[in-house]
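Trainee: Turn this into a structure:
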Amino acid sequence: MLTLGAAILCATALAAPPAKAKPANTDTKAAVAGDFVGSDTCATCHEAVAKKFADNPHTKMAEMHGSNGATCENCHGAGKAHVDGGGDVTKIFNPGKASAKEVDAKCQSCHSGAHPNFDRSPHARANVSCIACHSVHASKDEKLLKAAEPTLCFQCHNDVKPAFSMPFHHKVNEGAVKCGDCHDVHGTFGNSNLKSTADQNAICTKCHMDKRGPFIFEHAPVKGEGCLACHTPHGSQNARLLNAPNVNALCKECHSSVVAGSMHNLNAAGSNDVTPCIDCHTMVHGTNLDRYLKR
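Mentor: A predicted model of the protein is given here:
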């Protein structure tokens, strides 16, 4: 029985196909220490890039962690096969020639903690990779952005750009507000990459603090639908960024039945519909004083 078992094992080993040669390893986690050549070796050929990299945030991280932070090979993979091949470009990871998914995976190997929702973001789904907005080598910006906001965002979102030239708008072009103040470009659970908060109105009320509350008497749409129920966020031809030409038109979208039966009867022919509702109901965002939102 022992002899028969040994014979079977030998036959199985002889029948197994020979192991294929492994390609150059660009996975920094799987590569062994001997596969790395160090940034100084990279600089012998890539001198121009190496000089510009001195002020890069990645280099600063490397210095902070005793040269164990991000180096060339953290992003491009172990370089020994590339060097031994006389600079063979097939033996190194080049983000400029890789797919968006491959680039994102490489960046997320370090940045997944900061941007855990990127894979579900509209940018990722549209194959807009990290290097579409960030320049790892050339940028001097702390976030490595290719251009400042909003110029960078408008390169793709030119359908939104005209809104900030309307008579009433958030001061994005003027530099008082940035796209990133309201949107998290790396992905959220909200629509349009709106930043996620426990109270979604907090995106607005962090600046418009007098509207924050909590109030004893709430205006239902503020809690139920949020600020966008009445306001257009980017820009509008209407004062206060309202969704309607005047306050009364906006109020009657919800309160038409109430207005028709009220003492004002604003829907009747010849009625005085020029007095704004907010002349009386001044605290439309909520108040602690009156259930009808009067001052």
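Trainee: what about residue 125, distance to residue 113?
Mentor: 21 Å (Cβ to Cβ, to the nearest Å). Yep, even glycine has a C-beta here, placed from its N, CA and C like the rest.
Trainee: The two - which one has more neighbours?
Mentor: residue 125 (10 against 7; other Cβ atoms under 10 Å).
Trainee: so what's the more buried one up against?
Mentor: Applying Cβ atoms under 8 Å, 6 or more residues apart in numbering to residue 125 gives no contacts.
Trainee: Could you tell me the per-residue confidence at it?
Mentor: The model reports residue 125 with a pLDDT of 93.
Trainee: Also the one 3 residues further on?
Mentor: In the prediction, the pLDDT value recorded for residue 128 is 95.
Trainee: quick check, it in a helix?
Mentor: No: using DSSP: H, G, I helix; E, B strand; the rest coil, the assignment for residue 128 is coil, not a helix.
Trainee: For it, grab phi and psi.
Mentor: Phi and psi for residue 128, reported as degrees, to the nearest 10, are phi -90, psi 100.
Trainee: cool, and residue 145?
Mentor: phi -70, psi 140.
Trainee: Am I right that residue 128 is in contact with residue 100?
Mentor: Yes: contact criterion Cβ atoms under 8 Å: residue 128 and residue 100 qualify, at 6.9 Å.
Trainee: any residues in contact with both of the two?
Mentor: Counting by Cβ under 8 Å, 6+ apart, nothing touches both residue 128 and residue 100.
Trainee: contacting residues around the nearest residue to residue 218 once chain neighbours are set aside?
Mentor: Leaving aside its sequence neighbours, residue 218 sits nearest to residue 286 (Cβ to Cβ, 6 or more residues apart in numbering; 4.9 Å). By Cβ under 8 Å, 6+ apart, the residues touching residue 286 are 211, 213-215, 217-219, 222, 293.
Trainee: Report pLDDT for residue 286.
Mentor: 94.
Trainee: So residue 110 is in contact with residue 74, correct?
Mentor: Yes: under the criterion of Cβ under 8 Å, residue 110 makes contact with residue 74 at 7.4 Å.
Trainee: These two - which one has more neighbours?
Mentor: For the pair residue 110 and residue 74, the greater number of neighbours falls to residue 74 (19 against 15), based on other Cβ under 10 Å.
Trainee: Tell me where the chain has helices.
Mentor: Secondary structure of the chain (DSSP state H): helices at 2-15, 39-43, 47-52, 57-64, 72-76, 80-84, 100-111, 122-125, 151-154, 179-182, 202-205, 220-224, 247-260.
Trainee: what's around the nearest residue in space to residue 193 that is not next to it in sequence, how many residues?
Mentor: Leaving out its chain neighbours, the residue that sits closest to residue 193 by Cβ to Cβ, 6+ apart is residue 183, at 4.6 Å. Residue 183: 17 surrounding residues under other Cβ under 10 Å.
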